[in-house]
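[1] this one's sequence-less:
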């Protein structure tokens, strides 16, 4: 590739002199195109039209001298090199020319130096242009970077390898720390100084590790000039040279207050009960683990007391969930105010609360604290949304370290004590080793019972209801029975409450309804005189929204007689939600079922409602029958019940009749029917059917 042609502009009044200079350039091997001018106007025109790579000018000319040409060139073509080629220039003029911007000067008596001077001047000009272009690009890049840094809300910073001098701090320092970048450029310790006192030791430790080359990523609180606090995340890395030594440290600081507060809100949702603001089960357990590891707290011993509200669902049913929620909040406030430590109370279930009592080592020390809770927290009613509500609770207590050395064991044993208190009908119970055995037995029984319900192992015995005057069978009551895995009968008093507490009573009750209706229809099909079959309905069944639909599904052959089924409900169940219960009972009556009110007489509040209830039969509670021959009060109660039933034209049945004296007195009082061991215990179906045949 040939060398590029050099465009040379000669400023010369002697064309022959220009020819000599041109010949010398070509002799040196330079490719040249040229133009010769001698006046100012021609020179200016050539600068624009010819665009020379270099200007070679004589110093002294009659009409247009070289210094004037130099001035014009510096103004109009400052990047073009300018060399004086003269035979008359002296040292003083040469110095003045160079100071004025000339690139070089060559004497006409030494033109051999001209080609090298031209090449050097052109090369230097080219280099200057490259440098200017590079500088321009750097300036543009710096301007863009400055714009980006001014836009970024993250502060960029750089410090020297020792962490003693700030090399750079971006303007975003104002956004992140509330202080200008200069505040950091003048003081490398400003970061640590601004850290919240509680976070400063952690920041200084992380900074020391950074200077040793470790990763740096820390989130902490920073104090603002206005007294506020912002959360900051700082990350940094060391920059090493080719030899592996640390040259500097580059970092970034970001305001993460919004994210930190969001995490705190999420953490609060995860660890605190949203209704009462108390710690939930998760936070309670975490704190308990920490407290057990805290020597000063655990050394003195402490107790866990679990409080379970009784019949709290009745408050929601009667007053509505809004009142129920307000009651729970009021209860939480009382527990806080009367508890020894502010953070010792938690809500660990729907109506289950726990209180920690520190500094106690025996039941004797905890007993008065529990008593104080009964008096202070549960002693007075709660005034909520215009309603006066009283709360009652049972408590289970476990002691550390006697009843457990870890959080889970303590909590489990407190729950075991609570279950024991509820089962035994006691207001409170302390954990004892035998409780665990009782709980284990109950859990095992519950599992076996669940399988029995699923596998259809429950069966029924039937107790006759007789007409006292004729001793003729007029009905039977189906009573649920179950044999354990060993084949021995399990007491209904033992397994029926478990069915209720676990919700299994819904399926077991359905099976009872199906069995009763099937039995009644089978008797009819065989030509026996079929008495109606009574089935007990639990509170859990009756309160379900789907109760009527469930019953229709169970009694597929209702006809006009309701499938021959009588439904027995307890007096206390009716009173829990009188309006809803009345509606449902009316629907049962419309389907042909008969309604019996069981255990009547145990709750006098229901007497005023009897005229409104769709009741066919009242069943006098066995407790009054048992005492009627010995206690005048029981006899008076039965007399009143008989009079009430006669006035309302309701059938009356006495339960638990065991002696002829009881039967005779009931008959004289006007009670028409009875059931009890005097006549027959509950018996299997095959033993009952001969009685039906004899009745024919």
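    Looks like it arrived, so ask away. Worth saying up front: this structure is predicted, and the values here are computed from it rather than measured.

[2] was I right to think residue 97 contacts residue 90?
    No: assessed by C-beta atoms under 8 Å, residue 97 is found out of contact with residue 90, at 10.5 Å. All C-beta atoms are positioned from the backbone trio N, CA, C, and that covers glycine.

[3] with neighbour numbers in mind, choose between these two.
    Ranked by neighbour count (other C-beta atoms under 10 Å), residue 97 and residue 90 place residue 97 first, with 23 against 10.

[4] quick one: contacts for that one?
    Residues near residue 97 by C-beta atoms under 8 Å, 6 or more residues apart in numbering: 59, 66, 67, 70, 84, 89, 105.

[5] quick one: contacts for residue 360?
    300, 301, 302, 303, 366, 369, 399.

[6] so which residues of the stretch 151-300 of the chain form strands?
    Ranges of strands in the stretch 151-300 of the chain, per DSSP state E, counting those that start in this stretch, are 155-160, 166-169, 216-223, 229-240, 246-255.

[7] from these, which stretch is densest packed?
    When those are scored by mean count of other C-beta atoms under 10 Å, the highest mean neighbour count falls to strand 155-160 (a mean of 20).

[8] so where's the protein shaky on pLDDT?
    Low-confidence segments of the chain, defined by pLDDT under 70: 1-2, 141, 143, 145-151, 295-299, 340-342, 433-440, 571-577, 601-609, 694-696.

[9] quick check, central residue of it?
    residue 270 (3.6 Å; C-alpha atoms, centre = their mean).

[10] all strands for the stretch 351-500 of the chain, in order.
    Going by DSSP E, counting those that start in this stretch, the stretch 351-500 of the chain shows strands at 352-358, 382-384, 387-389, 393-400, 428-430, 459-467, 473-481.

[11] strands paired with the fifth one, and their directions?
    When you say that, I think you mean strand 428-430. Strand 428-430 has the following sheet partners, assigned by DSSP bridges: strand 393-400 (parallel).

[12] do the same with the last one
    For strand 473-481, the paired strands and their directions (DSSP bridges) are strand 459-467 (antiparallel), strand 532-536 (parallel).

[13] hang on, the earlier thing: ok, the residue nearest to the centre of the chain - contacts?
    Per C-beta under 8 Å, 6+ apart, neighbours of residue 270: residue 282.

[14] need the contact list for residue 618.
    Taking C-beta under 8 Å, 6+ apart as the test, what residue 618 contacts is 596, 597, 600, 641, 644, 645, 650, 651, 652, 653.

[15] who's the second one bridged to?
    I take that to be residue 597. Under the criterion used (DSSP bridges), residue 597 bridges to residue 569, residue 618.

[16] thought residue 613 was touching it, still the case?
    Yes: assessed by C-beta under 8 Å, residue 597 is found in contact with residue 613 at 7.5 Å.

[17] neighbour count: these two, which is higher?
    residue 597 (23 against 18).

[18] how far away is that one from residue 616?
    To residue 616, residue 597 is 9 Å away according to C-beta to C-beta, to the nearest Å.

[19] same check, this time on residue 132
    112 Å.

[20] and these two? which has more neighbours close in?
    Taking neighbours as other C-beta under 10 Å, residue 132 and residue 616 compare with residue 616 leading, 15 against 11.

[21] next up, phi/psi of that one, please.
    As for residue 616, its main-chain torsions (degrees, to the nearest 10) stand at phi -100, psi -30.
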